[in-house]
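A.B. asks: sequence unknown, structure follows:
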């Protein structure tokens, strides 16, 4: 019986969507506009570049190089060791942006007129702008230290060189950094904004009162409102993946199932938030204002345009209660690093907790009135 009622309500919602001229634009035009235009115009400011150092030389010169890097305003040395694998772990975990390797006998080779003195610089290319500028900052800092050290010791400056490797995003194309995360904008609107407006519009027209006096349970009624938008969300994510693949040549390095799982959890989260706001609103205008405030906060503090690592410490703490933070981290890690669900279990768990919590709140706050 409940399934038949749900099926009837879903047919009603589908008919209404088919006669709504806005829906085709939302399903097809909005993903095209967002995925095609924003990657071309978005930009990113860079500061607070974290450096991991592999010091195989352990000389006075190498220690001075590390000290000078740490003294730079844009740079911060967070890890020093003689193990390249330990330093790469900092890169893989997202704690470091650049890895500097000082080889054995570096100071001896530097002092030798015929020797070759070079360091290796590896940049985390997931954030292309930060990786590019961070590697440049480190290279310039090392060059400045060598020049000063040469002048102080009277050693002629040899032909020093650096080898730079960009991890995960070798081309340093900033679009590769933005495209995976832009799907968060689409899901916020489709699974949060539109269901909230749909529910409030029935309040304004009075049709919800007729539904409230029927024996239809509030769970069935709410599901009939949400399921079509969940289906649309999966379609939109698929369109976004196809645009990234065939327009920008960006395909996920990881399992595509990890992307859809994250999209489902985030869709449930946004649906819970949208319904909670709709339950507390009497008009569509109220819903629009409240949802718009949340959208602005999500975009500014979720890591979409502004790196979380560049935010003040107090703002970074706030981002832990921002659901888009976790979805964006999953998308970029799966797309660029090829990370698995197991490796990202903390982000998936956070989204699941948000989804359960917000859907529970929306169910409690929705009241049937006779």
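C.D. replies: Good, I have the coordinates. Since this is a predicted model, take the numbers as computed values, not measurements.
A.B. asks: alpha carbons only for contacts and neighbour counts from here, please
C.D. replies: Noted.
A.B. asks: what residue ranges in the stretch 51-200 of the chain score low on pLDDT?
C.D. replies: Judged by pLDDT under 70, the stretch 51-200 of the chain has its weakly predicted residues at 113-116, 155-164, 171-172.
A.B. asks: quick one: the strands in it?
C.D. replies: 75-81, 98-102, 118-124, 161-167 (DSSP state E, counting those that start in this stretch).
A.B. asks: that's a helix at residue 340, yeah?
C.D. replies: No. Using DSSP: H, G, I helix; E, B strand; the rest coil, the assignment for residue 340 is coil, not a helix.
A.B. asks: quick check: it touching residue 255?
C.D. replies: Yes. The criterion here is CA atoms under 8 Å, and residue 340 meets it with residue 255 at 7.0 Å.
A.B. asks: what's the pLDDT at the residue lying closest to residue 23 once chain neighbours are set aside?
C.D. replies: With sequence-adjacent residues excluded and distances taken as CA to CA, 6 or more residues apart in numbering, residue 23 is closest to residue 17, at 6.2 Å. If you check residue 17, the pLDDT there is 75.
A.B. asks: quick one: residue 17 and residue 11, what's the gap?
C.D. replies: Remark: distance between residue 17 and residue 11 (CA to CA, to the nearest Å) = 10 Å.
A.B. asks: try residue 174
C.D. replies: 43 Å.
A.B. asks: same deal with residue 129?
C.D. replies: The gap separating residue 129 from residue 11 is 48 Å, by CA to CA.
A.B. asks: show me which of these two is the more surrounded one.
C.D. replies: Taking neighbours as other CA atoms under 10 Å, residue 129 and residue 11 compare with residue 129 leading, 19 against 14.
A.B. asks: that one contacts residue 174, correct?
C.D. replies: Yes. Contact criterion CA under 8 Å: residue 129 and residue 174 qualify, at 6.6 Å.
A.B. asks: still on that earlier bit, neighbours around the residue nearest to residue 23, how many?
C.D. replies: For residue 17, the count of nearby residues is 14 (other CA under 10 Å).
A.B. asks: helix/strand/coil for it?
C.D. replies: helix.
A.B. asks: burial measure for residue 313, as a count.
C.D. replies: Counted with other CA under 10 Å, residue 313 comes out at 10.
A.B. asks: which residues does the spatially most central residue of the chain contact?
C.D. replies: In the chain, the centroid-proximal residue (CA atoms, centre = their mean) is residue 328; its distance is 2.3 Å. Residue 328 sits next to 180-181, 184, 302-304 when contact means CA atoms under 8 Å, 6 or more residues apart in numbering.
A.B. asks: now swap in residue 317 and tell me
C.D. replies: By CA under 8 Å, 6+ apart, the contact set of residue 317 is empty.
A.B. asks: kindly report the same for residue 341.
C.D. replies: Contacts of residue 341 by CA under 8 Å, 6+ apart are 258, 348.
A.B. asks: touching, residue 251 and residue 244? I think so.
C.D. replies: Yes. Judged on CA under 8 Å, residue 251 makes contact with residue 244 at a distance of 6.7 Å.
A.B. asks: what about the helices in the stretch 251-370 of the chain?
C.D. replies: Remark: helices assigned in the stretch 251-370 of the chain by DSSP state H, counting those that start in this stretch are 256-279, 284-301, 313-318, 323-332, 345-365.
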